[in-house]
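Peer 1: quick one, fold the following:
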Amino acid sequence: MNKSILGLYFEEFIVGEEISHSLSKTIFESDNNFFSLLTMNHHPAHTNIDYAQKEQHGQILVVGTLVFSLVVGMTVPDISGKAIANLGYENILHLNPVFINDTLYAKTKILDKYESKTKADRGVVYVETTGYNQHGIDVISFKRRVLVKKQK
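Peer 2: Prediction:
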């Protein structure tokens, strides 16, 4: 059995490469309810079937920040497993709605990378991640910069 490797070192990222992440997650009603309670987001679009059925989509919407958190988490084994820090997120776009029982997948494109100007043992990787559902419809995208260890 091979040892599991968590993340890539700075040198292993290839600009232009796209990584299809192996993790996925079906969002259950309990996930959405718990996240709504935990984050104090009690909007009825996320927690009230009667309300949601009378609105645009006709069903409960999954909280957008739950979708974001799950998709970020799916990337950890490949993108930020060797990270020192996530330096920032940008252009978080909710592209399409996510509903209870949708399954999320993710892919990440390596946009750029550059060495740290202050510490020789690390570099910054700039990526764009897209989350999509079981129908192949993009539901979220975002960019981020990740400070990553170099190989020793």
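Peer 1: going forward, measure contacts and count neighbours with C-alpha atoms only.
Peer 2: Noted.
Peer 1: where does the chain dip in pLDDT?
Peer 2: The chain contains residues with pLDDT under 70 at 1-4.
Peer 1: all helices for this protein, in order.
Peer 2: With DSSP state H as the definition, the chain shows helices at residue ranges 29-38, 44-47, 49-53, 64-75.
Peer 1: mean neighbour count for the ones you listed - can I get that in CSV?
Peer 2: CSV is the format used below for those (neighbours: other CA atoms under 10 Å):
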stretch, mean neighbour count
helix 29-38, 15
helix 44-47, 19
helix 49-53, 15
helix 64-75, 18
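Peer 1: for the ones you listed, which one sits closest to Phe10?
Peer 2: For the helices of the chain, proximity to Phe10 was assessed by CA to CA; helix 64-75 is nearest, at 15.3 Å.
Peer 1: can I get that closest one in PDB, CA atoms only?
Peer 2: What follows is helix 64-75 as a C-alpha-only set of coordinates in PDB (Å, rounded to 0.1, in the frame of the first residue of the first chain):
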ATOM      1  CA  GLY A  64     -24.400  29.400  -0.900                       C
ATOM      2  CA  THR A  65     -21.600  29.600   1.700                       C
ATOM      3  CA  LEU A  66     -22.100  25.800   2.300                       C
ATOM      4  CA  VAL A  67     -21.600  25.200  -1.400                       C
ATOM      5  CA  PHE A  68     -18.400  27.400  -1.200                       C
ATOM      6  CA  SER A  69     -17.100  25.600   1.900                       C
ATOM      7  CA  LEU A  70     -17.700  22.200   0.500                       C
ATOM      8  CA  VAL A  71     -16.000  23.000  -2.900                       C
ATOM      9  CA  VAL A  72     -13.000  24.500  -1.100                       C
ATOM     10  CA  GLY A  73     -12.800  21.300   1.100                       C
ATOM     11  CA  MET A  74     -12.800  19.100  -2.000                       C
ATOM     12  CA  THR A  75      -9.700  20.800  -3.300                       C
END
